[in-house]
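Colleague: Have a look; sequence and predicted model below, questions after that.
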Amino acid sequence: MAEITLIDALRQAMDEELARDDQVFIMGEDVGVRGGVFRATMGLYEKYGPQRVIDTPLAELSIAGVGIGAALYGMRPICEIQFGDFIYPAINQIVSEAAKMCYRSNGEWTVPLVIRAPYGGGIGGGLYHSQSVEAFFTHVPGLKVVIPSNPYDAKGLLKSAVRDNNPILFFEPKKGYRLIRGEVPEGEYTVPIGPANISRPGTDVSVFTYGMMHYYALQAAEQVAAEGISAEVVDLRTLYPVDRATILASVRKTGKALIVHEDNLTGGYGAEVAATIASDAFPDLDAPVRRLCGPDVPAVPFSHPLQDWFMLDPEKIAGAIRSLARY
Amino acid sequence: MSTNIIMPKLGESVIEGTVTKWLKQEGEQIQEMDALVEINTDKVDTEIPSPASGTLLKIMVPEGATVSAGALLAVIGSPGEVPDNVHSPAMITQVTIPPEAGAATRPVSAVSGSRPLGFISPVVAKLAHENNLDLSQVQGSGEGGRITKKDVLAYLETRQVVNPAPEPAAWETPGDGELFRPPEIQFAGGIPGKLNLTRPVAPPAAGPAPAAALPGDVLKPFSPARKIIAERMSASKHSSPHVTTVMEADLKLVVAHREANKAAFERDGFHLTFSAYFVAACAAAIKAFPDVNSSWSAEGLVLHRPINIGLAVSLGEESLIVPVIKGADGLSLLGIARAINDLAERARSQRLLPDEVHGSTFTITNHGISGSLFATPIINQPNCAILGVGAIQKRPVVIDDAIAIRPMVYLGLTFDHRILDGAIADGFLSKVVEVLENWI
């Protein structure tokens, strides 16, 4: 099995879907000739031509809107928003049009659209190239929100997203694009949207996380294992609709839940998971449900030392696991 | 920055210790490695050295107190410094009065409820409830001595493991005779044609799943009837405080009466069993002690008017049923005998009506039929008492300072001590004995 990076896995998924179905196409800023600012679409313009890999103007609202229109006609667009930070102009199209189309047409119209965007900090991006935006969309029925944490899931989930008839927000941890490597099998496979993955079974503390933080959580779990703490790491993968069953079963097992994400604490996606656990796993709890998240600060700082202060890392996660295990 | 002196774990399985003597006083200067305090665990005394130099700011645990490993014993710091966690006192599990304090004082062990348990998390509360657990028995290893889920699970495991091995059966101990030999052993082939009444036996205490299976174990799932019996027996024991009082009755006159009348009853089409006499005697005794014909309720004692006597009947291994003789006090011996025959026969052929197994106000169990001499039967709720009738055996007894051979029977009356006291129970049982011993 080949070991590839997260960005390679995403590119392979798009390549394979473009080859499989001629209704699939890519549109976004710099995706064609440039091959994407992160090289996510490198080589695809040359392979499939300008009709299938479309360079758009700097106009996120239209990227989403045109994508929605194309999807309504039965095409399967993969729209790229160059940085999650830029998605806000497109929110009206996404929330008021894409999310509601199926409901409002009583199932007659669907929007089989994927909107991909890199998210997250830790790459010196500063205020407008580091934001986590998933919390805005995990709140909207009619959308799905998917965040892979490793190459195998990234490829399989992106393929599933393209084939899904719903509008899907597919956020990719940009810090992990080249940092996270993993084995990906040859041949066709998909990963289902919905189920979470218990990437590391354990008995003392459940750690619910996704994206870059999942990568760090695995390292933290390894660290604390040496101290005799058995942490169960659960990669949520699909944030909306979330795999409640796996979450509750894990809490039933360990009695202690720690939710980790790099987005700001207050109103972040972790609050939803915490509320679900508190309300539906209450009799199984042996400790308060804790969240380890980005601080409630308006942005990821540009200054490196401050960025490091903002960002979570394996040590901070290990500390939180230890503290909860000790409770 | 103050240093906390934490109670160490002084051995693999040692989780608590008693502070026997502080070797330094509050305010005293201490060097690192100075002996600080003496701890006693299982009669072994250990000295704990100080992990830091400084002033002993505060002693958190007094001499004589027992604390768990991890508890805060003392704080060391700079003179005048306020220790930062004086507000979280050690979890003192037990306070013992040192022997020198008083000649006759004995150590006062913690009673359940007097030990502060700390925060009980939802899952700990759930596990405690499910397993009928007294949490004061569980050591806490969490923060501040909190009882964690793991602590409860570990305790439940050891509770099974340290359960004492079952005592050898009485008949297996030389010289103890054949008391309580189970009927299935004594009467392995069954007792054909006889009314086979077995005594209700207390089931094993409900608790966590048994320890690892042994080779050759076979799992026999419980029948619905068995499950109900198990539930009812447990429930009865859990609600009523059971006390059994035993007397013996000389059945010479009863035996004589039965011999004289057996044939006549057979002619009328049914057997005259000893049970009929016991039912009659109980009915008469209940009239003299009406409080025995009652049921407990939260509002007060419910005294029943009709005297409905249930007779426990065994339908083999799988079932125990209690048909009821309604209005036993209004029946003659003939009427009672007839009712017993009818009910027992229909019980065995499973043709009893629902009404016929409900509404008892008193129950008799004839465990003597299977060889038992006396027993401590379980009350058939919502009755307030049950009479166990043992095997009728000829025994030498002393009458007027001479030895006579009499057919004797032990009568064991288990009563609900919420409702009855020994005096009334004994009064009732004496009356039963009196009726039997003076049968005409």
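Modeller: That came through, no problem. Just so it is clear, the structure is predicted and the values come from calculations on it, not from any experiment.
Colleague: ok, residue A:241 - how many residues close by?
Modeller: The number of residues packed around residue A:241, counting by other C-beta atoms under 10 Å in any protein chain shown, is 13. For every residue, glycine as well, the C-beta is placed using N, CA and C.
Colleague: Hmm, residue A:151 and residue A:182 touching each other?
Modeller: Yes. In this structure residue A:182 lies within contact range of residue A:151 using C-beta atoms under 8 Å: 4.1 Å.
Colleague: can you list residues touching both of the two?
Modeller: Common neighbours of residue A:182 and residue A:151 are listed as A:4, A:6, A:9 (criterion: C-beta atoms under 8 Å, 6 or more residues apart in numbering or on different chains).
Colleague: Would you agree the first one falls within a helix?
Modeller: What it means is residue A:4. No. Secondary structure of residue A:4, determined by DSSP: H, G, I helix; E, B strand; the rest coil: strand, with no helix assignment.
Colleague: Let me see the contact set for it.
Modeller: Applying C-beta under 8 Å, 6+ apart, the residues contacting residue A:4 are A:12, A:151, A:181-182, A:184.
Colleague: again, only this time at 6 Å
Modeller: Taking C-beta atoms under 6 Å, 6 or more residues apart in numbering or on different chains as the contact definition, residue A:4 lies against A:151, A:184.
Colleague: and it, bridged to which residues?
Modeller: residue A:182 (DSSP bridges).
Colleague: and the gap between it and residue A:183?
Modeller: 8 Å (C-beta to C-beta, to the nearest Å).
Colleague: With neighbour numbers in mind, choose between residue A:182 and residue A:151.
Modeller: Counted by other C-beta under 10 Å, residue A:182 and residue A:151 do not tie: residue A:151 has more neighbours, with 25 against 19.
Colleague: Just to check, that one is in contact with residue A:185?
Modeller: No. Distance between residue A:151 and residue A:185: 10.7 Å, which falls outside the contact criterion (C-beta atoms under 6 Å).
Colleague: Would you state the helices of chain A in chain order?
Modeller: Secondary structure of chain A (DSSP state H): helices located at A:6-20, A:44-48, A:60-72, A:91, A:99-104, A:134-137, A:151-163, A:176-179, A:212-225, A:244-254, A:269-280, A:304-310, A:314-326.
Colleague: Hmm, I typed the wrong one, I wanted the stretch 251-400 of chain B.
Modeller: Ranges of helices within the stretch 251-400 of chain B are B:252-267, B:274-288, B:333-348, based on DSSP state H, counting those that start in this stretch.
Colleague: What residue spans form the domains of the chain?
Modeller: Going with chain A. With domains defined by automatic domain parsing, chain A comprises A:2-184, A:197-326.
Colleague: right idea, wrong chain: chain B
Modeller: Domain segmentation of chain B under automatic domain parsing yields B:1-86, B:233-437.
Colleague: Of all those, which one comes closest to residue A:104?
Modeller: When these are compared by C-beta to C-beta, domain B:233-437 sits nearest residue A:104, at 57.7 Å.
Colleague: Give me the distance between the two termini of that closest one.
Modeller: Distance between the two ends of domain B:233-437: 32 Å, counting by C-alpha to C-alpha, to the nearest Å.
Colleague: cool, and stretch B:231-250?
Modeller: Between the opening and closing residues of stretch B:231-250 we find a distance of 36 Å, counting by C-alpha to C-alpha.
Colleague: now do stretch A:54-65
Modeller: Start to finish, the residues bounding stretch A:54-65 are 14 Å apart (C-alpha to C-alpha).
Colleague: if I look at the residue nearest to residue B:352 when sequence neighbours are not counted, how far off is residue A:298?
Modeller: Once its chain neighbours are removed from consideration, residue B:352 has its nearest residue in residue B:346; the separation is 5.1 Å (C-beta to C-beta, 6 or more residues apart in numbering or on different chains). With distances defined as C-beta to C-beta, the gap from residue B:346 to residue A:298 amounts to 85 Å.
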